[in-house]
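Student: can you look at this prediction? I've put the sequence above it.
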Amino acid sequence: MIPVGYMAKISCKKPDFLQAESIVDVYSVSSCVNEEFADYIGLWRHNGYWLFDSPRIIREIAEEKSIDVKDSLLFYYEAYEKEFTGEAWRQFAPEAGMATKIEKPAEKRLEGFDVVTFFAGNSPECSPLSCNSLADTLSSNKHCLFDSFEMAKSHLDAGDFIGCEHGPYRIFAVYSVPWP
């Protein structure tokens, strides 16, 4: 797994359309179900993985835009080095020309593993476990994530994500981290 960055999420409530009783909230990487703290892409302060190198950058943006992140959750992500095209695994890298200097957190707690689409090849798009309700048929934890990397990879290899969103798909380790 490689470090890819941080994101603050405003809301992680379980939406009514998810029927799996085990789900309490949604910690997906994408913003389809759990809203990011800001519309950040046009600010061009993200790294080559289209996330943030540190919580400090998120706080600076929040202050500049008068956004209250006091009640938001902070996440740190690592990703498997390869993405799945639907047929094969291939390497991916951060976008060239964008600085990527991720500060590792002093403290982190693994919450699970998400599968995320990258059709456009840059920012995280959809997390089919939540966005497409795959968590209703595939076993997920209380945060609508897989409990292990092996579970995520085996479901991709088995074709369980085919037809819900355009790939390629990347596997993310999702960590909750305390605000510094």
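Tutor: Okay, I see it.
Student: okay, the spatially most central residue of the chain: pLDDT?
Tutor: Taking C-alpha atoms, centre = their mean, the centroid of the chain lies closest to residue 29, which sits 1.8 Å from it. According to the prediction, residue 29 has pLDDT 94.
Student: what is the burial count for residue 166?
Tutor: 13 (other C-beta atoms under 10 Å). Where you see a C-beta, it was placed from the backbone N, CA and C, and this is true even at glycine.
Student: wait, a helix at it?
Tutor: No: under DSSP: H, G, I helix; E, B strand; the rest coil, residue 166 sits outside any helix and is assigned coil.
Student: which non-adjacent residue is nearest it?
Tutor: Nearest non-adjacent residue to residue 166, counting by C-beta to C-beta, 6 or more residues apart in numbering: residue 119, 4.3 Å away.
Student: who are the neighbours in contact with residue 160?
Tutor: With contacts defined as C-beta atoms under 8 Å, 6 or more residues apart in numbering, residue 160 is in contact with 134, 138.
Student: now the phi/psi pair for it, please.
Tutor: With angles defined as degrees, to the nearest 10, residue 160 sits at phi -70, psi -10.
Student: what's stretch 56-67 in contact with?
Tutor: 6-8, 37-38, 40, 43, 45, 52, 68-69, 74, 180.
Student: distance from stretch 69-86 to the middle of the chain?
Tutor: Centroid separation between stretch 69-86 and its chain, computed with C-alpha atoms, centre = their mean, to the nearest Å, is 3 Å.
Student: can you give me the mean pLDDT across that stretch?
Tutor: pLDDT averaged over stretch 69-86 gives 95.
Student: what ranges does the protein have for its helices?
Tutor: With DSSP state H as the criterion, the chain has helices at 55-64, 128-131, 149-157.
Student: nearest to residue 108, of those?
Tutor: Residue 108 sits nearest to helix 55-64 of all the helices of the chain, at 11.6 Å, using C-beta to C-beta.
Student: mind listing what's buried in the closest one?
Tutor: Across helix 55-64, burial judged by 16 or more other C-beta atoms under 10 Å covers 55, 57-59, 61-62.
Student: next: stretch 139-154.
Tutor: 140-141, 143-146, 151-153.
Student: out of those, who's nearest residue 131?
Tutor: For the buried residues of stretch 139-154, the nearest to residue 131 is residue 144 (9.9 Å; C-beta to C-beta).
Student: ok, that closest one to residue 19 distance?
Tutor: Distance of residue 144 to residue 19, computed by C-beta to C-beta, to the nearest Å: 12 Å.
Student: repeat for residue 106
Tutor: From residue 106 to residue 19 the distance is 38 Å (C-beta to C-beta).
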